[in-house]
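In: This is the structure alone, sequence omitted:
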């Protein structure tokens, strides 16, 4: 399946209120676009790490919404793995001296697909 990755800031785009994970997915797709651009242009590492933190904060907010019962998910175990393993792994890879762009982009695409097809957050 083809997915769109953009280097346009997510705040500049409309966020869909219908999907509780829209903010996280937009941030993750923006992060993927930055990494694809960085692979060819060597962007500022600070911008990439900043976007990673924004993406992580969006996932933390979704986690809190699930804990508070505002959002229902198909798999709490998959959400927990995304939060504690996938996001942390991506952050560690981005902090390494030599970023393996292909690996991080693959991990981000897997995380995005996991949200869209396995976790499937929806309002309670």
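Out: That came through, no problem. On a predicted model such as this, the values are computed, not experimentally measured, just so you know. Residues are numbered from 1 along each chain as shown.
In: May I see the buried residues of stretch 61-74?
Out: 62, 63, 65, 66, 71, 73 (16 or more other C-beta atoms under 10 Å). In short, each C-beta sits where N, CA and C put it, glycine included.
In: Look up the closest residue to the third one, ignoring the ones flanking it.
Out: So the one you mean is residue 65. Among residues not flanking residue 65 along the chain, residue 71 sits closest, at 4.2 Å (C-beta to C-beta, 6 or more residues apart in numbering).
In: Kindly report the same for the fourth one.
Out: In this structure, residue 66 finds its nearest non-sequential neighbour in residue 73, 5.8 Å apart by C-beta to C-beta, 6+ apart.
In: Distance-wise, check residue 76 relative to residue 110.
Out: Using C-beta to C-beta, to the nearest Å, we find residue 76 at a distance of 18 Å from residue 110.
In: In the protein, where is pLDDT below threshold?
Out: For the chain, the stretches flagged by pLDDT under 70 are 1-20.
In: quick one: the helices in it?
Out: Counting by DSSP state H, the chain has helices at residues 22-41, 45-67, 76-81, 87-95, 101-114.
In: and among these, the most buried is which?
Out: Across these, averaging neighbours per residue (mean count of other C-beta atoms under 10 Å) puts helix 22-41 on top, at a mean of 20.
In: what's it packed up against?
Out: Helix 22-41 is packed against helix 45-67, helix 101-114, with contacts defined by 3 or more C-beta pairs under 8 Å, 6 or more residues apart in numbering; DSSP states H and E.
In: Not counting its own residues, what contacts the shortest one?
Out: Put plainly, it is helix 101-114. With contact meaning C-beta atoms under 8 Å, 6 or more residues apart in numbering, helix 101-114 is reached by 3, 25, 28-29, 31-32, 35-36, 38-39, 78, 82, 86-87, 89-90, 93-94.
In: repeat for the first one
Out: Outside helix 45-67, the residues within contact range by C-beta under 8 Å, 6+ apart are 20-21, 23-24, 27-28, 30-31, 34-35, 38, 71-73, 76, 79, 82-83, 87, 90-91, 94-95, 99, 121.
In: Recalculate using a threshold of 6 Å.
Out: 21, 23-24, 27-28, 31, 34, 71, 73, 83, 87, 91, 94 (C-beta atoms under 6 Å, 6 or more residues apart in numbering).
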